[in-house]
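**Student:** Everything below, folded, please.
(chains A and B)
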Number of protein chains: 2
Amino acid sequence: MKKIINDPANVVDEMLDGLVRGYPQYVERIPNTGAIIRSNKASMQGKVGIVSGGGSGHEPAHPGYVGKGMLSGAVAGQVFTSPTPDQIYAAIKAVNTGSGVFLVVKNYSGDVMNFDMAKDMAELDDIPVKSIVVDDDIAVKDSLYTQGRRGVAGTVFMHKILGAAADQGATLDELDALAQKVLPNIKTIAVALSAATVPEVGKPGFELADDEIEYGVGIHSEPGYRREKLQPSKALVAELVGKIDDEQHLTADKQYAVLVNGMGATPLMEQYIFTHDLLNNLGDRGIKPAFTKIGNYMTSIDMAGISLTIFELADPQWLDYLNYPVETIAW
Amino acid sequence: MKKIINDPANVVDEMLDGLVRGYPQYVERIPNTGAIIRSNKASMQGKVGIVSGGGSGHEPAHPGYVGKGMLSGAVAGQVFTSPTPDQIYAAIKAVNTGSGVFLVVKNYSGDVMNFDMAKDMAELDDIPVKSIVVDDDIAVKDSLYTQGRRGVAGTVFMHKILGAAADQGATLDELDALAQKVLPNIKTIAVALSAATVPEVGKPGFELADDEIEYGVGIHSEPGYRREKLQPSKALVAELVGKIDDEQHLTADKQYAVLVNGMGATPLMEQYIFTHDLLNNLGDRGIKPAFTKIGNYMTSIDMAGISLTIFELADPQWLDYLNYPVETIAW
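**Tutor:** Numbers count the residues shown, from 1 in each chain, chains lettered A, B, ... in the order given. Predicted structure coming up:
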């Protein structure tokens, strides 16, 4: 294992300190927790707080999305490990200004359980809390660590939509209705060229041969649905778009947002080439996305690979939410 | 070689198309060239144009910095290869609105020669052009492809400073004086864990053992000044800050901006840990940077490693320039 770290046991602690010390204008850390909250307290007054989080190793998710117009707080667990309920509750309490708090949870059993427990703790203290469990990964069902489908990069679109609505004064019930309406429109699928190495484990989560790829892997090295020889970018695009089309029925009369997401070790060069092939593939279907993002938004430490998210903009207001200005490190 | 590409011969062409098609709100491409210019033409009216560029493989540099408040244009050559003078000249002509054009060139023999020739072409057409050659890499002198010192990640600070000043109406002569004053204050040095693989070459530019790092490498796999066993992050920080201190004499009574730059395959987790150690090291010297950026800003395709740039803010206005709002893909 070749990493720029000190002690593998301290990576999360040191990473979070580096992040908040580097960007004090956006974020601060609740002492002795993995909870990162907005520095701009005025921006939260009277608004519903939005809190997300999960295991570390997906940077810039989730602390990179904390700031005016997006998340109010993000709770980081150890690498690929859910944060504890008390840490999540600390974030809920810190960002609640009387209008309640909405939780965005990726669908992993540990996260679902711990965010639920934090919600119960908050309700005992009369803080109203609602939540959504994001399960955008269409690759497989009932994966390692997950009942149903996994929550992956499309979660960032959920953050953006809800963050914009909350900043514009949406109530907790309105955010809940919005999240329920948005959720089925976000679909993601990935292809991996290599697996992530968790610092405390010291070796990759799985092995791929030098000329081999795997479709449908998760962001914690969960198995995908097929291995094969490395294909040209346009063949990878055809496979991933085809799978999403099977689910979402892409058509020229609808509007879409797309996210081309690098998994941590994938050069932007490859992400832009993939985007070129993606826009050709969608163009052949008569589709020109109304919104595009390309970069490392939901990573898996040092995995090489790309995930594709296609988000059907069933309501034209969602495009305004995506374009709504934010003050964050990483959006 | 395991990359998400199609034909290695077409990587730059497809990458640039993917970039401009993904982000039409910021950039467009001059047809049949590697020149990327601002879509927002109104933002250039009456202002001096700022053009940079160089070989591809350093994404998001340089097209990611094209937009209001930063570059007017960026010219991309083939991978690790200077753009041709006619392409550079096409960008100069496209962004000139009558106030002239300022060129920011990284110090590589090919770039210096071709940007000079483009400048001559522009002057024949009565477009006033001035330029700066950035040589911020303190690691070595007279490297492969370079007389003197190499131009690396600190170039992005030069883009930002000049872009802000130009947006506020600085004249060509004022930008020239500003660039000359800024240049000696920007110092960069890198450490590599692995080398980049150029798609058309198909193998890494050099080999490091599994437990080996190299200090002082360039962004085209140029040799550094020392190889040794992998060290903890805080030891890497001590080495790099020590080298910059030898040059720049870091002191508590001065203000600094820092850039922690991932080389393409370095997870943000490691970059934030490095930043934590950096801020501790500087803190021990009584220094708290006034400005910090952490991320992949000047990469070397898929190299693993980090460069550190320390920029002495000799003029307090430079901090305002760094914080000046921009409309770009990647700043």
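**Student:** show me where chain A has helices.
**Tutor:** A:11-22, A:85-95, A:109-124, A:155-167, A:172-182, A:233-248, A:268-284, A:317-323 (DSSP state H).
**Student:** who's in contact with the closest residue to A:P63 other than its chain neighbours?
**Tutor:** Sequence neighbours aside, A:I36 is the residue nearest to A:P63 in space, at 4.2 Å (criterion: Cβ to Cβ, 6 or more residues apart in numbering or on different chains). Bear in mind the C-beta positions are built from the backbone N, C-alpha and C, glycine included. Listed by Cβ atoms under 8 Å, 6 or more residues apart in numbering or on different chains, the contact partners of A:I36 are A:16, A:19-20, A:27-30, A:62-63, A:66, A:73-76, A:91.
**Student:** okay, now whichever residue of the stretch 51-200 of chain A sits closest to chain B: neighbour count?
**Tutor:** Residue of the stretch 51-200 of chain A nearest chain B, by Cβ to the nearest Cβ: A:E59 (3.9 Å). A:E59 sits with 26 neighbouring residues when counted by other Cβ atoms under 10 Å in any protein chain shown.
**Student:** which one is it nearest to, not counting chain neighbours?
**Tutor:** In space, and not counting its chain neighbours, A:E59 is closest to B:L268: 3.9 Å by Cβ to Cβ, 6+ apart.
**Student:** does the one you found really touch A:M298, like I thought?
**Tutor:** No. Counting by Cβ atoms under 8 Å, B:L268 does not reach A:M298; the two are 11.3 Å apart.
**Student:** Can you give me every residue that contacts A:V140?
**Tutor:** By Cβ under 8 Å, 6+ apart, the contact set of A:V140 is A:149-150, A:216, A:222-225.
**Student:** Of the residues you listed, keep whichever come out buried.
**Tutor:** Buried members of the contacts of A:V140, scored by 16 or more other Cβ atoms under 10 Å in any protein chain shown, are A:149-150, A:216, A:222-224.
**Student:** Break chain A into its domains for me.
**Tutor:** Listed by automatic domain parsing, the domain ranges of chain A are A:10-184, A:185-322.
**Student:** what would those domains look like in JSON lines with mean pLDDT?
**Tutor:** Below are these laid out as JSON lines (pLDDT from 0 to 100):
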{"stretch": "domain A:10-184", "mean pLDDT": "97"}
{"stretch": "domain A:185-322", "mean pLDDT": "97"}
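**Student:** now the ones you listed in a markdown table, with distance to B:D176?
**Tutor:** Shown next, in a markdown table, are these (distance: least, Cβ to Cβ, whole Å):
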| stretch | distance to B:D176 |
| --- | --- |
| domain A:10-184 | 32 |
| domain A:185-322 | 31 |
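**Student:** nearest to B:S233, of these?
**Tutor:** Taking Cβ to Cβ, domain A:10-184 is the member of the domains of chain A nearest to B:S233, at 7.9 Å.
**Student:** The closest one: how far from the chain's middle?
**Tutor:** How far domain A:10-184 lies from its chain's middle: 10 Å, per Cα atoms, centre = their mean, to the nearest Å.
**Student:** Contact partners for the residue nearest to A:V75 when sequence neighbours are not counted?
**Tutor:** Residue nearest to A:V75 in three dimensions, not counting chain neighbours: A:G53, with 3.3 Å by Cβ to Cβ, 6+ apart. A:G53 makes contact with A:34-35, A:62, A:73-77, A:83, A:88, A:91, A:111 under the criterion Cβ under 8 Å, 6+ apart.
**Student:** Quick check, A:F102 in contact with A:V51.
**Tutor:** Yes. A:F102 is within contact range of A:V51, at 7.4 Å (criterion: Cβ under 8 Å).
**Student:** Show me whatever sits in contact with both of those two.
**Tutor:** Counting by Cβ under 8 Å, 6+ apart, nothing touches both A:F102 and A:V51.
**Student:** Going by proximity to chain B, name the top residue of the stretch 1-150 of chain A.
**Tutor:** Proximity of the stretch 1-150 of chain A to chain B (Cβ to the nearest Cβ) peaks at A:G18, 3.3 Å away.
**Student:** And for the nearest residue to that residue once chain neighbours are set aside, the neighbour number?
**Tutor:** Closest residue to A:G18 apart from its sequence neighbours, by Cβ to Cβ, 6+ apart: B:H276 at 3.3 Å. Here the number of neighbours of B:H276 (other Cβ under 10 Å) works out to 25.
**Student:** next one: A:E123
**Tutor:** For A:E123, the neighbour count with other Cβ under 10 Å is 12.
**Student:** Excluding sequence neighbours, find me the nearest residue to it.
**Tutor:** A:V129 (6.2 Å).
**Student:** quick one: the one you found from A:G305, how far?
**Tutor:** 34 Å (Cβ to Cβ, to the nearest Å).
**Student:** Quick one: name the residues of the stretch 151-300 of chain A near chain B.
**Tutor:** Residues of the stretch 151-300 of chain A lying close to chain B by Cβ under 8 Å from any Cβ of the partner chain are A:191, A:193-194, A:210-211, A:213, A:230, A:232-234, A:236, A:260, A:264-279, A:292-294, A:296, A:299.
**Student:** which one of A:V129 and A:G305 has more residues nearby?
**Tutor:** Set A:V129 next to A:G305 and count neighbours by other Cβ under 10 Å: A:G305 wins out with 29 against 24.
**Student:** Verify the stated contact: the more buried one with A:I189.
**Tutor:** No. With contact defined as Cβ under 8 Å, A:G305 does not reach A:I189; the gap is 11.0 Å.
**Student:** picking that back up, quickly check the buried ones among the contacts of A:V140 for the two that are furthest apart.
**Tutor:** Every pair of the buried ones among the contacts of A:V140 checked by Cβ to Cβ; the farthest is A:R149 and A:P223, at 13.9 Å.
**Student:** Quickly list what's touching both of the two.
**Tutor:** Shared contacts of A:R149 and A:P223 (Cβ under 8 Å, 6+ apart): A:140, A:143.
**Student:** Dig out what A:R227 forms beta bridges with.
**Tutor:** A:R227 has these beta-bridge partners by DSSP bridges: A:E214.
**Student:** Could you check how far it is from chain B?
**Tutor:** The spacing between A:R227 and chain B, counted by Cβ to the nearest Cβ, to the nearest Å, is 13 Å.
**Student:** tally of neighbours for that residue?
**Tutor:** As a burial measure, A:R227 scores 16 neighbours (other Cβ under 10 Å).
**Student:** residues touching the residue nearest to A:E123, list them.
**Tutor:** Contacts for A:V129 were tallied using Cβ under 8 Å, 6+ apart; they are A:92, A:100-103, A:118-119, A:122-123.
**Student:** On the strand side of things, show who it bridges to.
**Tutor:** Bridge pairing for A:V129 - DSSP bridges - gives A:V101.
**Student:** Quick check, A:P83 in contact with A:P63.
**Tutor:** No. Taking contacts as Cβ under 8 Å, A:P83 lies outside contact range of A:P63: 11.7 Å.
**Student:** Find the residues that touch each one of those two.
**Tutor:** Joint contacts of A:P83 and A:P63 (Cβ under 8 Å, 6+ apart) are A:A76.
**Student:** So for those two, which sits in the more crowded spot?
**Tutor:** Taking neighbours as other Cβ under 10 Å, A:P83 and A:P63 compare with A:P63 leading, 33 against 29.
**Student:** what residues are up against that one?
**Tutor:** Neighbouring residues of A:P63 by Cβ under 8 Å, 6+ apart: A:16, A:19-20, A:27, A:36, A:74, A:76, A:329.
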